[in-house]
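Peer 1: mind folding the following:
(2 chains)
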Amino acid sequence: MREADFLRRISERLGRPQPTVPPHRMEIGAPDFWRNPAAHAYAPAERFARELEQVGGMAVSCSSLADLRTKLHDLLAQWQPRRIGTWGGNFVQEMGLNSVLAPYEWIRWGDGGTDAFAHVDVAITGCAFAVAGTGTIVMESSPERGRSVAVLPPVHVVLLRTSQLRHRMGEVLEELAQRKPVLPASIHFITGPSRSSDIENDQTIGVHGPAAVYVLIWPDGAGQP
Amino acid sequence: MTAQSGISERAQSALEDDFLRQAVRFTADRLRGKKQVSTEQLGNWESWRERGQAIRAHTIANLDSYLAQFADRVRQAGGHVHFASDAAEAVEVVLSIARGKGARSVVKSKSMVSEEVHINHHLQNAGIEVVETDLGEYIVQLANETPSHIIIPAIHKTRAQIRDLFTAAGGEQLTTDTKTLAGFARQRLRQKFLAADIGITGCNFGIAETGTVVLFTNEGNADMVANLPKTHIVLMGMERLLPTLEDLEVFANLLPRSATGQPLTAYLSMITGPRRRGDLDGPEELHVVVLDNGRSRQLGDPHFQAVLHCIRCGACLNVCPVYRQIGGHAYGSVYPGPIGAVLTPLLQQDETYADLPYASSLCGACAEACPVKIPLHDMLVRLRQRRAATGRTPALEKSAFHAYRVAFANHRRYRLAFGTARVLQRPLVQDGGIANGVGPLSAWTATRYAPAVAPRSFRARWGELRQTLHGPSGGSRTSEDGDARRQEEGTRDA
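Peer 2: I've put the predicted structure just below:
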C-alpha cells in the first residue's frame, strides 16, 4: 500500500484529512519523582556492582588502571583462553593492555571478518555508558567497535571508567537524544549474561550471547561521581 | 489447532491435559510473583502506569503524524519503509525482498506480528528455510506448533519432549538437563545465524524522533538476527511507536517488569538504520514493514482505540483465571489470554473468533495488571454487546434473557415467576441446591452450584425481619402485615 494512502486512512479514522502536528504534551519521559536526583541517592559504582551481580554478572572494582591490568591478567591466567578478541583501533594501546594480552593469541575487531570472532573465547571491550540502577552497560557500534564483539564470545569482559556511570537509563537516553537526527546504527543496553527460562522455567545462562559478563571498574578521575 | 471448533471445545480438551494446566499455573504464578516483587522495588507503580498510559494514549491519538515522522527518520538513517494494509501485503513485501536477494535461509527472533501474518509458512512454501532462534520459539517450531504464551512460548512442553525434539533435530541422543538442551540449541543455532541470508525481527517500540527500532530480549538472539545476516527485515504493528527516546525509559521500566518481573531484560537493543560506512557487521539493508491488518479500524472508536495502547507484555495472561485453566492454545488465536480475547475479534471481525470474549469471568484482574491501564474487561463486555446486537447469539440465550427482562421489569411478574419456581423445583432440590437441572439448566448444574429458590421470599419475611431490627415497639410503621401494606403502596422491593 502507498504510504500516503496508509497514513490518510489513519488520519481519517482520527477525524482529520491529513496528519497534523501533535499537540504539546506535558507528560514526556519518566515522571518527575524519578528524574529527581534524590530518588537515586546512592554511590553509583557500588550500586552498579550490586545490580550486576544480582543478574549473574561479575563486577571487579579496581583502584587504578594499573590495578585493572593486574586483575585482568589474573582473570586471563585463570581462564587460559585459546583466543581473545578486542575492540579495534587503538583500544588495546590506550588501555595499556599489550603486555597483558601478549601470552595469548588475540585478534582485534577489523583484523578479519565477523567469522573470526565466532571462535573467540573471551571478548574485551570498553563501553559508552553504564547504568548503575540496573547494572547495565551500554555499547555503541562503530567501524572499530563491531556489534558482534560483545555478543558472539562466551565471555565478555568490559572495562568501565567511573565517569561513564549514570544513575538511570533516562540520563543515557537524554545524552543520546542530543545526537539526533542520526544515532549510532546500533546501541545495546546489556544487563548481565544471556539468559532463558524457556525449558520448564529453569533458568539457564549463555543461550546465545555470553554466559559470563565481567565488568572491571576503574576510577578515571574525570567527573568522578 | 483449529479455530473452527469454538472456545468451549478447545477449553475442554485443554482442561483434560494435566501437565499443561500445572505448567501454565506454575509459570503464571512465577511471573506474577516476580512482577510483584520488582514493581514494589521500583515503587510508585501506579504513577508509572499512569505515565505509560498517558504516553501511549497521546501516541495513538497522533499516530498518523508520529508514523510519518518515524518513516522519514528510518529513511534518513538509510533504511527502507514499507506499508502493508493487511497480512497478505506484508507477506508479499517480505517474499519480494527474499526473492530479490535469492535468499535460501532466514533466521528469526520472536515476533507476534510475524505469527499474525504467518510469515514462516509463506517463506517455507517459497522454498526458504526459516529458523526460530528464541529458545522457546525454536522448541515450538520443531514441534510444529504455535506459541501458547506471549512471553514464554513453550510453556506447555516438558523437558522430555524437548529432549526428543532436539535429539530428532540433531541426530544425537541428548539428556534432559537444561544445560545440555540449551547447549545444543546454542551450538545449532549459532551455525544458522552465521549462514542466514536474512534476519527477521519484530519491534517492541519504534522511536518516532530518531527512526529507531527497539528490541527487548533475554537471550541476545535478536541482536544476532539483526547483526549477522546481510538483510534485516523488521515486522512491526503500526501502533508500536513512542514519540521520543526519553519516553523509552518509561517503557523500559514497565515492559520487563510486567512481562517477567525483571528490572530490565538482559538485552535492550536500539537499531537506527543499516550498517554505516566502514562498519564490518550489521545488515547492509534494513527494511521496516509497517502493518495495519485491522488496527486502523480501532482508531476513532471511543470504546476500542485503547486496545492499541497494548505493549504485549503478557501480564494480563498471568493473572487471568481463565487463561490459568486452559492455557494459550485453547484460544485458537495468535494472541491468547484477555488481550487476545479482545484484540483477535477486533482485528478479524467475522464469526471465527466471535466467541473469544466469552472466555472470561469479567473479574477485571487483567485491567488491574495492565501496565498501561487498558480497560480489558469493559472491552470484553462491549464485544459481547456488539455480538448480541448482530443477532448472532443462540436462540435459547435470547429467549432466556427475554424472559429475564419480562420477569424482572415488573414486581408482580417477578413474584409470580419465583412463586412458580418454588413449587416446580421441589423434585430437584437437595441440600438447598438444585442437583440435576433439567433441560438447559443441566448445562449449568453439571459443573456449577445452583442454589434453590428460598422456601420463603424476602418480601414474605420482611415483616418479621423489621420487628427484629427495630424491636416490637418500633413505631407505627411496624406492622404484622408489612408485606401486604408495602404491596398496596406499590413500594419497590428491597
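Peer 1: what sits up against stretch B:414-433?
Peer 2: Stretch B:414-433 is contacted from outside by B:407-408, B:434-438, B:449-453, B:455, B:457, B:459, B:493, using Cβ atoms under 8 Å, 6 or more residues apart in numbering or on different chains. (Glycine included, C-beta is placed from N, CA and C.)
Peer 1: next, give me the two most distant ones among those.
Peer 2: Greatest spacing in the contacts of stretch B:414-433, by Cβ to Cβ: B:Asn436 and B:Asp493 (30.3 Å).
Peer 1: tell me where the model's unsure across chain A.
Peer 2: A:180-181, A:222-225 (pLDDT under 70).
Peer 1: all the helices of it, in order from the start?
Peer 2: A:3-13, A:32-35, A:44-54, A:65-79, A:91-95, A:98-101, A:148-151, A:169-177 (DSSP state H).
Peer 1: for the most centrally placed residue in chain A, which non-adjacent residue is spatially closest?
Peer 2: For chain A, A:Val138 is the residue whose C-alpha lies nearest the centre (Cα atoms, centre = their mean; 2.6 Å). Once flanking residues are discounted, A:Val138 sits nearest to A:Phe129: 4.1 Å by Cβ to Cβ, 6 or more residues apart in numbering or on different chains.
Peer 1: shouldn't B:Gly300 be in contact with A:Ser11?
Peer 2: No: checked against Cβ atoms under 8 Å, the pair B:Gly300 and A:Ser11 is beyond contact range at 10.1 Å.
Peer 1: neighbour count: the two, which is higher?
Peer 2: A:Ser11 (20 against 14; other Cβ atoms under 10 Å in any protein chain shown).
Peer 1: name the helices or strands packed onto the helix or strand hosting B:Ile162?
Peer 2: According to DSSP states H and E, B:Ile162 maps onto helix B:159-170. The contact analysis (3 or more Cβ pairs under 8 Å, 6 or more residues apart in numbering or on different chains; DSSP states H and E) places helix B:159-170 against helix B:135-142, helix B:178-195.
Peer 1: quick one, the shortest one and helix B:178-195 angle?
Peer 2: Right, the one you point to is helix B:135-142. 80 degrees (axes from the mean of the first three to the mean of the last three Cα atoms, to 10 degrees).
Peer 1: does helix B:135-142 reach chain A?
Peer 2: Yes: for a cut-off given as Cβ under 8 Å from any Cβ of the partner chain, helix B:135-142 has contacts with chain A, namely B:135-136, B:139.
Peer 1: how about the longest one?
Peer 2: Yes: remark: helix B:178-195 sits within contact range of chain A at B:178-179, B:181-182, B:185-186, B:189-190, B:194, by Cβ under 8 Å from any Cβ.
Peer 1: between those residues, identify the one with the most neighbours.
Peer 2: Ranking the residues of helix B:178-195 next to chain A using other Cβ under 10 Å puts B:Ala185 first, with 28 neighbours.
Peer 1: now the residue nearest to A:Glu51 when sequence neighbours are not counted: how far from A:Pro23?
Peer 2: Spatial nearest neighbour of A:Glu51, excluding adjacent residues (Cβ to Cβ, 6+ apart): A:Gly135 at 3.0 Å. Separation of A:Gly135 from A:Pro23 (Cβ to Cβ, to the nearest Å): 38 Å.
Peer 1: higher neighbour count, the two?
Peer 2: Neighbour count, other Cβ under 10 Å: between A:Gly135 and A:Pro23, A:Gly135 has more, with 26 against 8.
Peer 1: was I right about that one contacting A:Gly192?
Peer 2: Yes: using Cβ under 8 Å, A:Gly135 is in contact with A:Gly192, at 6.6 Å.
Peer 1: where do the contact lists of these two overlap?
Peer 2: A:52, A:54-55, A:57.
Peer 1: make CSV out of those and add distance to chain B.
Peer 2: Below are the shared contacts of A:Gly135 and A:Gly192 laid out as CSV (distance: Cβ to the nearest Cβ, whole Å):
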residue, distance to chain B
A:Leu52, 11
A:Gln54, 8
A:Val55, 7
A:Gly57, 9
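Peer 1: between the contacts of stretch B:414-433, which sits nearest B:Ile271?
Peer 2: So of the contacts of stretch B:414-433, ranked by how close each gets to B:Ile271 (Cβ to Cβ), first place is B:Tyr449, at 55.4 Å.
Peer 1: excluding chain neighbours, what is closest to that closest one?
Peer 2: B:Gly433 (5.6 Å).
Peer 1: who is the one you found paired with across the strands?
Peer 2: B:Gln430, B:Pro451 (DSSP bridges).
Peer 1: closest one of the residues of helix B:178-195 next to chain A to A:Ile28?
Peer 2: Nearest to A:Ile28 among these, with distances taken as Cβ to Cβ, is B:Leu189, at 39.2 Å.
Peer 1: burial count for the closest residue to the closest one other than its chain neighbours?
Peer 2: Counting by Cβ to Cβ, 6+ apart, B:Thr133 is the residue found nearest to B:Leu189 once chain neighbours are left out, at 5.2 Å. Using other Cβ under 10 Å, B:Thr133 has 29 neighbouring residues.
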